[in-house]
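S.K.: Give the three-dimensional model of this entry:
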Amino acid sequence: MASYGGSDANAFSRYADQHGWVRGEARGWTWLIASHTDVLSFISGIMQDAIDLYPGLTGVQLDDHFAQPSEFGYLQGTMKAAAETVLKEVTQGLVSLSPSPIDYSRDSNNVDWEDWYKSDIGFFEYVPQLYYDNYNSFSAELTKTINLVGKDWLLTGIRVNGSGSPTPWAEVVKMMDRCVTEKIAYSIWYSEGVLDTYPTQFQNYW
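M.R.: Predicted structure coming up:
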């Protein structure tokens, strides 16, 4: 992904367009070509620079924008090859993946991370974004995910803030409790939820 908006939205997207890195626009975003060698070298180079230049940083993460929307066709093989290339080129440090839920990721983003997980292509953890504003939806997706891939390298993302109203605190508690029961670590999306929305509640819970 190069930018939100057209390929002239910022300096990087203009640079990418000028160098033939842009695949096209979909869902309001401008997307890079996942099979382009220079694109993959650029991504892995940024990640390696972060690890090399910031002592104490042990890992970096790709998120759900490491993708090729289905509007561009069936590109699951392309995305797997792209992931393998980036993992090979980041020679120091750990690389995490935070994708969309399994079905959406595979069918809409061409990222079949269930396959990547089972074939162990090299990510040290998977943190699917189970960003629901209610416990029942979260729990159902978590159960499905565990049944499909197990828990060896699995964490989960919990939504507090995002588009729309914050997730009610009581629902957040149930989500965290479920993760504790499953012995799965979790990540809160995003910092505003911890620092501004529910600071006292999180402090008391933890």
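S.K.: List the buried residues in the helix ranked longest in the chain.
M.R.: Counting by DSSP state H, the longest helix found in the chain is helix 37-53. For helix 37-53, the neighbour count (16 or more other C-beta atoms under 10 Å) marks Val39, Leu40, Phe42, Ile43, Ser44, Met47, Gln48, Ile51 as buried. For every residue, glycine as well, the C-beta is placed using N, CA and C.
S.K.: Surely Ser96 is in a strand?
M.R.: Yes - counting by DSSP: H, G, I helix; E, B strand; the rest coil, Ser96 is part of a strand.
S.K.: What is the neighbour count of it?
M.R.: Using other C-beta atoms under 10 Å, Ser96 has 17 other residues around it.
S.K.: and the nearest residue to it once chain neighbours are set aside, which of the three is it?
M.R.: Excluding the flanking residues, the one nearest Ser96 by C-beta to C-beta, 6 or more residues apart in numbering is Gln61, at 4.1 Å. At Gln61 the chain is in strand, as set by three-state DSSP.
S.K.: In this model Gly93 seems to touch Gln61, though I could be wrong.
M.R.: No - taking contacts as C-beta atoms under 8 Å, Gln61 lies outside contact range of Gly93: 10.8 Å.
S.K.: pLDDT (mean, whole number) over the helix or strand encompassing Lys144?
M.R.: Using DSSP states H and E, Lys144 maps to helix 135-149. For helix 135-149, mean pLDDT is 98.
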